[in-house]
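Undergrad: predicted coordinates and the sequence they were generated for:
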Amino acid sequence: MTNLLVAPILIPFLFGVLCLLTYKSIRLQRILGLLGTVFLFCASLTLFLLTLKHDILVIQIGSWPAPYGITLVSDLFSATMQLLTAIVGLAVGWYSLAMIGNSRIAFGYYALFHFLLMGVNGAFLTADIFNLYVWFEVMLISSFVMMALGGERAQMAGALKYVTINLISSAMFLAALGILYGTAGTLSMADLAFKFSQIDTSSSRALISTMAVLFLAAFGIKAAIFPLFFWLPASYHTPPAAIAAIFSGLLTKVGVYALIRVFTLIFLQDIPFTHTLILVLAGLTMIIGVLGAIVQNEFRRVLSFHIVSQIGYMIMGLGLYTPLALAASVFYIVHHILVKTNLFLISGIVEYLGKTAELKKLGGLYRKQPALAILFLIPAMSLAGIPPLSGFFAKFNLIRAGLLESQYWIVSIALIVSLLTLFSMTKLWNEAFWKPSLNPATSQEKTLCKPMILPIVLLASLTVLIGLGIGPVLDIAMRTGIQLSQPALYFTAVLGGVR
């Protein structure tokens, strides 16, 4: 049963290699690219269901006991994240059939796509913080090439910013790892959690808090939190929509995952300092992101700034650090991955139909493509928190958690930012869909095909279903929040009991 933990890593690796070996056949690469996402989804769903049943699954690679060997762990949080990775991979893989050209496929698009999925899943399942760094690099190397694939001028400019800031982040991460290992003598997250839980001297706590800030900076860059977010809106609008969709859906969430993992498991010695700092950064991230989105006049740049804004909601629950708040953060991540991936997929179709992404030059799509307009409204209104969609319940539980902790200032920011998000989504609707087209013939020249629209229907349906079926989903989120708030459950499962 625990052998299934390696499947979300091995399946994309295998299909990535197969896509490389069949580089001469565009058609075969398309088939393998989509087939790999189907296999990954089946394996990820099975692992998720098993984790729901058993709470935490652990495998020691090569039977080397923790903390000496390589350990993979699937708890409720990591199982949820790798299932979302599979859903996004399946949706983007299907969408790519129509929206990724032969030239990019010939230069390895599908191989890079699967290697990126492998890196993301590896980061979610690893139980060693050094291996987390390794999987980050696997993911980032793939994303570097995908960002520049095609060699267009805007892509190269965006890729340069993306690569530079992420290399700085990786250097900070590696430096923090060296200090951490020199202090604790281990990089197993379970072992670190156990050892740090036994520390009771003020000098040791001060050193751990310093390391916590280093990790907050390193992961904060990758998650695009304030003030380290500027690389994201400068780069995510430049590649094709399929690539931007998987980046927006998954890459920053790996940074958020890492923040939640280490600040609920390892760095718990000075919660009034570390988690209050995270809460302040959450509020600033929300505000700066939504203000940036409001002033943009290009479809995907608006969406890119909203990624930044919504990251603030995700780490708000971590800053509050209660089981309900952590559950709300997990719920918000689930909601946002589905919604933001969908919005970027829709942006690709809008650009395809309108031949531009500039809002002032778009218009009339509601009359020409009413189904697409409705499909846009579902994730857009969910992002703004309109009931009964998933975003409403995600924000409701975050606000509820904030009120219970009497953190009225962060609750006020969350509510104001939600209203501003609704304003900017309404702006997108009005400019791209509702106002009359400046060139009525533009959107009539092209038609939609199934590979374009079906993934959007899938993700929109999930957004609605999560909202309508809130009970079971919220129950799973609450179980996850309780599990994250009790680090002893994690290190006991990995280490086989407190040593």
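TA: Nice, I can see it. Numbers count the residues shown, from 1 in each chain.
Undergrad: where does the prediction get shaky in the stretch 351-499 of the chain?
TA: Applying pLDDT under 70 to the stretch 351-499 of the chain flags the ranges 438-447, 449-450, 497-499.
Undergrad: check which helix or strand the residue lying closest to residue 117 once chain neighbours are set aside maps to.
TA: Nearest non-adjacent residue to residue 117, counting by Cβ to Cβ, 6 or more residues apart in numbering: residue 12, 4.2 Å away. For every residue, glycine as well, the C-beta is placed using N, CA and C. Using DSSP states H and E, the element containing residue 12 is helix 7-21.
Undergrad: right, and the helix or strand after that helix?
TA: Sequence order places helix 26-54 as the next helix or strand after helix 7-21, per DSSP H and E.
Undergrad: can you name every helix or strand that that next one contacts?
TA: Secondary-structure packing of helix 26-54 (3 or more Cβ pairs under 8 Å, 6 or more residues apart in numbering; DSSP states H and E): helix 7-21, strand 57-60, strand 71-74, helix 76-99, helix 102-106, helix 109-125.
Undergrad: apply 6 Å and report the result again.
TA: For helix 26-54, the elements it packs on are helix 7-21, helix 76-99, helix 102-106, helix 109-125, judged by 3 or more Cβ pairs under 6 Å, 6 or more residues apart in numbering; DSSP states H and E.
Undergrad: got the angle between the helix or strand hosting residue 331 and helix 76-99?
TA: Here residue 331 sits within helix 323-354, counting by DSSP H and E. Here the directions of helix 323-354 and helix 76-99 differ by 0 degrees (axes from the mean of the first three to the mean of the last three Cα atoms, to 10 degrees).
Undergrad: and helix 323-354, how far out from the chain's middle?
TA: Mean-position distance between helix 323-354 and its chain equals 9 Å (Cα atoms, centre = their mean, to the nearest Å).
Undergrad: can you mark which positions in it are buried?
TA: Of the residues in helix 323-354, 323-351, 353-354 count as buried by neighbour count, 16 or more other Cβ atoms under 10 Å.
Undergrad: what helices or strands is that helix leaning on?
TA: So helix 323-354, by 3+ Cβ pairs under 6 Å, 6+ apart, packs with helix 76-99, helix 241-246, helix 299-320, helix 370-384, helix 390-404, helix 450-468, helix 470-484.
Undergrad: could you give the angle of that helix to helix 450-468?
TA: Put simply, helix 323-354 runs at 150 degrees to helix 450-468, going by the same axes, to 10 degrees.
Undergrad: go through the following helix or strand past helix 323-354 and flag the buried ones.
TA: Beyond helix 323-354 on the C-terminal side, the first helix or strand identified by DSSP H and E is helix 365-368. Burial within helix 365-368, assessed by neighbour count using 16+ other Cβ under 10 Å, is assigned to 365, 366, 368.
Undergrad: so residue 330 makes contact with residue 477?
TA: Yes. Contact criterion Cβ atoms under 6 Å: residue 330 and residue 477 qualify, at 5.1 Å.
Undergrad: now the helices for the stretch 151-300 of the chain?
TA: For the stretch 151-300 of the chain, the helices defined by DSSP state H, counting those that start in this stretch cover 153-184, 189-197, 202-223, 241-246, 252-265, 271-294, 299-320.
Undergrad: for the second one, give me every contacting residue.
TA: Right, helix 189-197. For helix 189-197, contacts defined as Cβ atoms under 6 Å, 6 or more residues apart in numbering pick out 67, 127, 129, 184, 265, 266, 487, 491, 494, 495.
Undergrad: what is the burial count for the last one?
TA: Residues within reach of residue 495, counting by other Cβ atoms under 10 Å, total 20.
Undergrad: ramachandran coordinates for it?
TA: phi -90, psi -10 (degrees, to the nearest 10).
Undergrad: quick one: it from residue 58, how far?
TA: 9 Å (Cβ to Cβ, to the nearest Å).
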